[in-house]
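Colleague: Structure for the following, please:
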Amino acid sequence: MSEHSLTRALRELLSRRRTAALGTLDPDGGPFVSMVPFAIDAHAGSIVIHISALAAHSRHLQSSPRATLLVCEAEVDGEPVHALARVTLSVDAAWAEPGSDDAHQCRSAYLARFPEAEPMTALGDFRFVRLQPSGARQVAGFGAARSLDAAEVAQALGAGAAP
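Modeller: Have a look, this model is predicted:
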């Protein structure tokens with residue numbers, strides 16, 4: 001069976017963009033949005049971020065691991081912005097235990113995308129966090145929008161793809 005064209009479009013968007021807006025909940029349940037670089041762990045069908053314990057979003061994720069991640073196509077001067085391709089992913093955050101196999105897998109995925117970040121991976125207050133999508137809302141342009149379940153998002157992230 002052939003892959004849906006919107007799944008290909010989603011995979012391309014996630015591979016072109018390297019930053020996302022991370023939405024977390026503060027201790028009072030209020031929304032908080034920050035920018036994070038992200039990598040894709042295709043093997044696990046998840047997203048990896050590397051964040052400092054000093055960041056507010058780190059504390060938020062530790063107290064409430066449910067979050068959202070918005071990835072949006074870059075704006076082009078003079079072009080309409082209303083049809084920009086974008087996806088909002090509903091995610092559950094899991095902290096990779098330093099030294100664990102999971103932390104090594106997260107580090108590999110992250111450094112494949114951000115090799116210049118290698119020195120940061122040695123800093124003691126930074127940790128890898130795996131964001132496991134539970135669903136998504138994709139807008140690929142006017143008239144091209146859909147909701148995806150966890151399995152469809154994992155497919156777009158490359159889970160189950162041939163090596």
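Colleague: pLDDT wise, what is residue 114 at?
Modeller: The model reports residue 114 with a pLDDT of 97.
Colleague: in this structure, which spans are helices?
Modeller: Under the criterion DSSP state H, the chain contains helices at 5-16, 56-63, 101-113, 150-156.
Colleague: Need the residue closest to the centroid of this structure.
Modeller: For the chain, residue 47 is the residue whose C-alpha lies nearest the centre (CA atoms, centre = their mean; 4.3 Å).
Colleague: picking that back up, go through the helices of the chain and pick out the most buried.
Modeller: Mean neighbour count, computed with mean count of other CB atoms under 10 Å, is highest for helix 150-156 among the helices of the chain, reaching a mean of 20. C-beta: built from backbone N, CA, C; applies to glycine.
Colleague: Not counting its own residues, what contacts that one?
Modeller: Outside helix 150-156, the residues that touch it by CB atoms under 8 Å, 6 or more residues apart in numbering are 3, 7, 10-11, 14, 45-46, 89, 132-136, 148, 160.
Colleague: swap in stretch 119-128?
Modeller: Stretch 119-128 is contacted by residues 48-54, 58, 95-96, 98, 102-103, 106-107, 110-111 when judged by CB under 8 Å, 6+ apart.
Colleague: go with 10 Å
Modeller: With contact meaning CB atoms under 10 Å, 6 or more residues apart in numbering, stretch 119-128 is reached by 39, 41, 48-55, 58, 62, 94-98, 100, 102-107, 109-111, 114, 117.
Colleague: Skipping adjacent residues, who's closest to residue 103 in space?
Modeller: residue 96 (3.9 Å; CB to CB, 6 or more residues apart in numbering).
Colleague: Could you tell me what pLDDT the model assigned to the one you found?
Modeller: Here, the pLDDT recorded for residue 96 equals 96.
Colleague: That one against residue 108, yeah?
Modeller: No - Residue 96 lies out of contact with residue 108 (CB atoms under 10 Å); the separation is 11.4 Å.
Colleague: what's the overlap in contacts for those two?
Modeller: residue 48.
Colleague: Can I get the longest strand along the chain as CSV, trimmed to CA atoms?
Modeller: When the chain is parsed with DSSP state E, its longest strand is strand 126-139. These are the backbone C-alpha positions of strand 126-139, laid out as CSV (Å, rounded to 0.1, in the frame of the first residue of the first chain):
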residue,chain,number,x,y,z
PHE,A,126,21.3,19.2,30.4
ARG,A,127,19.2,16.1,29.9
PHE,A,128,17.7,14.4,26.9
VAL,A,129,13.9,14.1,26.9
ARG,A,130,12.0,11.8,24.6
LEU,A,131,8.7,13.2,23.3
GLN,A,132,6.4,10.4,22.4
PRO,A,133,3.5,11.6,20.2
SER,A,134,0.0,10.4,21.1
GLY,A,135,-1.6,12.2,18.1
ALA,A,136,-1.3,15.3,15.9
ARG,A,137,-3.2,17.8,13.9
GLN,A,138,-1.6,18.5,10.5
VAL,A,139,-2.3,21.4,8.2
